[in-house]
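In: next come a sequence and a model predicted from it.
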Amino acid sequence: MKISKRAIIVTLFVISMVLVIICAIIDGNSDPYSNTTKYLKDTFDKNEYGVTIIDSNKEEDVTESFISENKELYENGDWDAVMENFLSGHYHLQIERNSDEE
């Protein structure tokens, strides 16, 4: 029995696609910015990690203004809009206390 190269390539392709799908199912809907999300949400709540939101362009603290401008969105559960505002503002987070230090 002779197996063609095409059959081998198609079989390998199908196996690789199945593995990609299985890995996606196992990982679930993982957030590529999970730490950013965690610390930014904490900023709206207790801010137990001492998070400061910094404007990357001006290198200044914009925590209070960002929270006041986005508080209603956060309270309404519109997290996508909050993240869009964070990303479009070219902000970054400064963390005072690491979550592992608790």
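Out: Okay, I see it. Numbering: from 1, shown residues only.
In: following the longest helix along the chain, which helix or strand shows up next?
Out: Using DSSP state H, we find that the single longest helix of the chain is helix 5-27. Next helix or strand after helix 5-27 toward the C-terminus (DSSP states H and E): helix 34-44.
In: what packs against that next one?
Out: For helix 34-44, the elements it packs on are strand 51-55, helix 63-75, helix 79-88, strand 91-95, judged by 3 or more C-beta pairs under 8 Å, 6 or more residues apart in numbering; DSSP states H and E. All C-beta spots, glycine's among them, are computed from the backbone N, C-alpha and C.
In: check the average confidence over the longest helix of the chain, would you?
Out: What helix 5-27 shows for mean pLDDT is 82.
In: with only the CA atoms kept, save that helix in PDB.
Out: C-alpha atoms of helix 5-27 as PDB (Å, rounded to 0.1, in the frame of the first residue of the first chain):
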ATOM      1  CA  LYS A   5       2.600  12.800  -0.100                       C
ATOM      2  CA  ARG A   6      -0.600  14.800  -0.400                       C
ATOM      3  CA  ALA A   7      -2.400  12.400   1.900                       C
ATOM      4  CA  ILE A   8       0.300  12.700   4.500                       C
ATOM      5  CA  ILE A   9       0.300  16.500   4.300                       C
ATOM      6  CA  VAL A  10      -3.500  16.700   4.600                       C
ATOM      7  CA  THR A  11      -3.400  14.300   7.500                       C
ATOM      8  CA  LEU A  12      -0.800  16.300   9.300                       C
ATOM      9  CA  PHE A  13      -2.700  19.500   8.600                       C
ATOM     10  CA  VAL A  14      -5.900  18.100  10.000                       C
ATOM     11  CA  ILE A  15      -4.100  16.800  13.100                       C
ATOM     12  CA  SER A  16      -2.500  20.200  13.700                       C
ATOM     13  CA  MET A  17      -5.900  21.900  13.400                       C
ATOM     14  CA  VAL A  18      -7.500  19.500  15.900                       C
ATOM     15  CA  LEU A  19      -4.600  20.200  18.300                       C
ATOM     16  CA  VAL A  20      -5.100  24.000  18.000                       C
ATOM     17  CA  ILE A  21      -8.800  23.700  18.700                       C
ATOM     18  CA  ILE A  22      -8.200  21.400  21.700                       C
ATOM     19  CA  CYS A  23      -5.600  23.900  23.100                       C
ATOM     20  CA  ALA A  24      -8.100  26.800  22.600                       C
ATOM     21  CA  ILE A  25     -10.800  24.900  24.400                       C
ATOM     22  CA  ILE A  26      -8.500  24.000  27.300                       C
ATOM     23  CA  ASP A  27      -7.200  27.500  27.700                       C
END
